[in-house]
Structure formats: C-alpha cells, structure tokens
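*Asks:* Take a look and give me a structure for this.
(chains A and B)
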Amino acid sequence: DTAVSQTPKYLVTQMGNDKSIKCEQNLGHDTMYWYKQDSKKFLKIMFSYNNKELIINETVPNRFSPKSPDKAHLNLHINSLELGDSAVYFCASSVLTSGGPYEQYFGPGTRLTVT
Amino acid sequence: KNQVEQSPQSLIILEGKNCTLQCNYTVSPFSNLRWYKQDTGRGPVSLTIMTFSENTKSNGRYTATLDADTKQSSLHITASQLSDSASYICVVSSNAGNMLTFGGGTRLMVKP
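*Replies:* Sure, this is the predicted structure:
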C-alpha cells in the first residue's frame, strides 16, 4: 500500500546512455513533482505536473524530459547521461487546492550513479 | 534569492536528551514553513507545517516554532530516541505554496 513508489531504487549506468525512472502514486493526488538531491543534500525541484500538464519547469537541461501518461504516473527520462547527473531523484505528489497549506508526499528516491 | 539556512549541520546527542535545530529563511513571499524528517535512504516525511499566523506546532516529541518577523524557526526534540537519528530539513513555501525552498538539513545522530 505504498503511497508514492519509484523504480528502480538504484541505477548505475555509463555516460552517454539514456535511462528512465518511473513514479506512481496511489493517493489520488493531482500534482506530481520530480526533485534532485545533490551530494550536499539540498533538494531542488525540477518539474511539477498538475493533471498531466507541466506547471513548473525549473532550469533543467533539456536532456531531462518528464512524461505523465496519467494523473497517477510521472516518469523521468534522461538522455545522454553525464557524470553530473549522479544524484538521488525523488518523486512527490500533492493535492493542489485553493486553500492551503497542502502536503507533499515523497517517494523513496532513486539513486542514480553515472560512471 | 530565496534561501533557507539550517544550523548546526550535524549534531550528536545521547539518547534521552533534548535538542533544538535552527532554521533561518529569506523566502518571499512567505506561505508556510515545514519541517521534514529524512531517514537514510528514504524520502522526506513531513513533521509539521506552520502558516504565517502560527508560532508553534507540536507533533509528539517534536515541537516547531516560527517567528515570521525575524524569519526564524526551530525544531525542538524532547527525550530523544535512537530512531530520531536522521536528517531534519526545514522547507519554506512561497506564494501559493507550490514552490518549496529546501534547507540543507541538520544531520542528527542519537547515541545510546
């Protein structure tokens, strides 16, 4: 009954490869996010989708492309992986309401290592 | 530039002791402030959320305070347990609350 799940948990790949990370939430939330946690442990938002539409796109290389096939899924595809892409990537979801505050629920993270 | 700074970066305490973690922010406009607990290898889990009008909120042994005038917050942990060993992250939300600015966290280690 995991609320926000990500696969895989660990991903080791070589520079130049293309890889995808999948995220699914069973909370019925309408907003999903991708965050990157770097080696200094700062979490930074990359993308946010509301009802399958992109609403936030921070300064992220266009090698990163999110895809939301439905409200419960937000996948992250990365092309031409670079060493600097090594990090932990977190998916999260929340309910976007006119009131607030709302709560974000995070997945367990995917540790990406590019060699 | 929106920033959230936390101190100390790391802290070691003995089981049963109390501790206080600090957070200063320069996020504007301000919507709410959250404290998250992140266990090693896990995603962050929310402990408290406080809006502008709230100056204290408790969740079990965790008590958060907020001074919106000085833009400071603290997280007090009482009677620490080994399971409290984790990173504690201060997060400030701006405007509608959809944009979160994360602090770097305080790494707490509770020793027996």
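
*Asks:* count of neighbours near whichever residue of chain A sits closest to chain B?
*Replies:* Across chain A, the shortest distance to chain B (Cβ to the nearest Cβ) belongs to residue A:106, at 3.2 Å. Glycine gets a C-beta too; all of them are placed from N, C-alpha and C. Residue neighbour count, defined by other Cβ atoms under 10 Å in any protein chain shown, stands at 23 for residue A:106.

*Asks:* where does it land on pLDDT?
*Replies:* As summarised for this prediction, residue A:106 has a pLDDT of 94.

*Asks:* what's the nearest residue to it if we skip its chain neighbours?
*Replies:* The shortest distance from residue A:106 to any non-neighbouring residue, by Cβ to Cβ, 6 or more residues apart in numbering or on different chains, is to residue B:43 (3.2 Å).

*Asks:* Residue A:8 too?
*Replies:* residue A:110 (6.2 Å).

*Asks:* Quickly list what that neighbour is bridged to.
*Replies:* Beta-bridge partners for residue A:110, by DSSP bridges, are residue A:89.

*Asks:* just checking, it touches residue A:13?
*Replies:* No - Residue A:110 lies out of contact with residue A:13 (Cβ atoms under 8 Å); the separation is 11.7 Å.

*Asks:* Compare those two (neighbour count), which wins?
*Replies:* Ranked by neighbour count (other Cβ under 10 Å), residue A:110 and residue A:13 place residue A:110 first, with 21 against 16.

*Asks:* What does the pLDDT read for that one?
*Replies:* On the pLDDT scale, residue A:110 gets 97.

*Asks:* wait, does the helix or strand of chain A with the lowest mean pLDDT make contact with chain B?
*Replies:* Using mean pLDDT, DSSP states H and E, the weakest-scoring helix or strand in chain A turns out to be strand A:53-57, at a mean of 77. Yes - counting by Cβ under 8 Å from any Cβ of the partner chain, chain B is contacted by strand A:53-57 at A:55, A:56.
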